[in-house]
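J.: Generate coordinates for the sequence data below:
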Amino acid sequence: MNSRTEEIISRFEKSWTETFDRFQMLINNGGFDKLIPIRNLISEMRENDEWKHFRIGTSMFTLIFSRSVDFGLRTDQKHIKIETINFNEYEVTFRDADKLYREYIISDLKDVRLHKLLNTLKGTLVD
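T.: The predicted structure follows:
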């Protein structure tokens, strides 16, 4: 593995730790129990080494997956957002700033449509 790849993977891993900790803090201190399934998704995906493929982050209570090397997204970068509407109700979008590619309302984070979107995103270039 070259040093650039190692650096990218290191940044991805750090984003998973920071994002997990953020959701855990919101659950523990803010009483946001509706975020427990999101936190569990992060944990399950981390156990399956998915942290090697994505940078994750938050925007308020929204979980964001991207292939961005750097913190923050440029307008042309594709990303997936999972927004908790209610307990077990999520809006999932796959987009860049200008275009919406897919949008779903799902009740289970194991929904095949979410995992297909993650696989599609995984197939895009890291940038």
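J.: In a helix, Ile56, correct?
T.: No. Applying DSSP: H, G, I helix; E, B strand; the rest coil, one finds Ile56 to be strand, outside a helix.
J.: how many neighbours does it have?
T.: By other CB atoms under 10 Å, the residues close to Ile56 number 25. From N, CA and C alone the C-beta is placed, and that goes for glycine too.
J.: wait, what's in contact with the closest residue to it other than its chain neighbours?
T.: For Ile56, ignoring the flanking residues on the chain, the nearest one in space by CB to CB, 6 or more residues apart in numbering is Thr19 at 4.7 Å. Applying CB atoms under 8 Å, 6 or more residues apart in numbering to Thr19 gives the contacts Ile42, Ile56, Gly57, Thr58, Leu63.
J.: Likewise for Ile42?
T.: Ile42 is in contact with Trp16, Thr19, Phe20, Phe23, Ile56, Leu63, counting by CB under 8 Å, 6+ apart.
J.: And these, which is closest to Gly72?
T.: The nearest member of the contacts of Ile42 to Gly72, counting by CB to CB, is Ile56 at 12.9 Å.
J.: Please tell me how far Thr19 sits from Leu63.
T.: Applying CB to CB, to the nearest Å, the value for Thr19 to Leu63 is 7 Å.
J.: ok, longest helix in this protein?
T.: In the chain, taking DSSP state H as the definition, the longest helix is helix 3-30.
J.: Quick one: mean pLDDT for it?
T.: For helix 3-30, the mean per-residue pLDDT is 92.
J.: Relative to the whole chain's centre, how far out is stretch 21-31?
T.: Remark: stretch 21-31 is offset 17 Å from the chain centroid, using CA atoms, centre = their mean, to the nearest Å.
J.: contact partners of it?
T.: By CB under 8 Å, 6+ apart, stretch 21-31 touches Phe32, Asp33, Leu35, Ile36, Ile38, Arg39, Ile42, Thr58, Phe61, Leu63.
J.: No further queries at this time; thank you.
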